[in-house]
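*Asks:* I would like the atomic coordinates for the input below:
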Amino acid sequence: MIGDGRDLEREVEDELRLVEASRPDEEMREPIEDWRFDPTDAQRYEIGLHTLLDAVEAEHDDPTVH
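*Replies:* Coordinates of the predicted model:
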């Protein structure tokens, strides 16, 4: 495996910062033809990133994981 869990954790945190800085709710105010992405997909992606981050952090906190 290249890198370690801390690298993954930092990458997920960086991606979360980018996602949280975007404003999908503002996108929804535009006509649907002008959307660059579906705001619902952006919300699902953010939820997935939070879930992944929780899993990575839990692995770090588990003393049985080497």
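
*Asks:* Quick check: longest helix in the chain by residues?
*Replies:* The helix that spans the most residues within the chain, counting by DSSP state H, is helix 39-61.

*Asks:* counting contacts, what elements does it pack onto?
*Replies:* helix 5-21, helix 24-27 (3 or more Cβ pairs under 8 Å, 6 or more residues apart in numbering; DSSP states H and E). For glycine as for every other residue, the C-beta is placed from the backbone atoms N, C-alpha and C.

*Asks:* Among these, show the one with the smallest mean pLDDT.
*Replies:* Note on the helices and strands packed on helix 39-61: lowest mean pLDDT is at helix 24-27, with a mean of 73.

*Asks:* and that one, which residues are buried?
*Replies:* Neighbour counts over helix 24-27 (16 or more other Cβ atoms under 10 Å) mark Pro24, Glu27 as buried.

*Asks:* what does it rub up against?
*Replies:* With contacts defined as Cβ atoms under 8 Å, 6 or more residues apart in numbering, helix 24-27 is touched by Trp35, Arg36, Phe37, Pro39, Thr40, Ala42, Gln43.

*Asks:* and the closest residue to the fourth one other than its chain neighbours, how far is that from Leu16?
*Replies:* Nearest-residue entry for Pro39: Pro24, 3.5 Å, with adjacent residues in sequence omitted and distances by Cβ to Cβ, 6 or more residues apart in numbering. When distance is defined by Cβ to Cβ, to the nearest Å, Pro24 is 14 Å away from Leu16.

*Asks:* try Arg6
*Replies:* For Arg6, the distance to Leu16 - Cβ to Cβ - is 15 Å.

*Asks:* so what's the most centrally placed residue in the chain up against?
*Replies:* Central residue check for the chain by Cα atoms, centre = their mean: the C-alpha nearest the mean position is that of Leu49, 2.8 Å away. Shown in contact with Leu49 (Cβ under 8 Å, 6+ apart): Val12, Glu15, Leu16, Val19.

*Asks:* among the residues you listed, which ones are buried?
*Replies:* Buried among the contacts of Leu49 by 16+ other Cβ under 10 Å: Val12, Leu16, Val19.

*Asks:* Let me see the contact set for the closest residue in space to Leu8 that isn't next to it in sequence.
*Replies:* Leaving aside its sequence neighbours, Leu8 sits nearest to Val56 (Cβ to Cβ, 6+ apart; 5.5 Å). The neighbours of Val56, taking Cβ under 8 Å, 6+ apart as the test, are Gly5, Leu8, Glu9, Val12.
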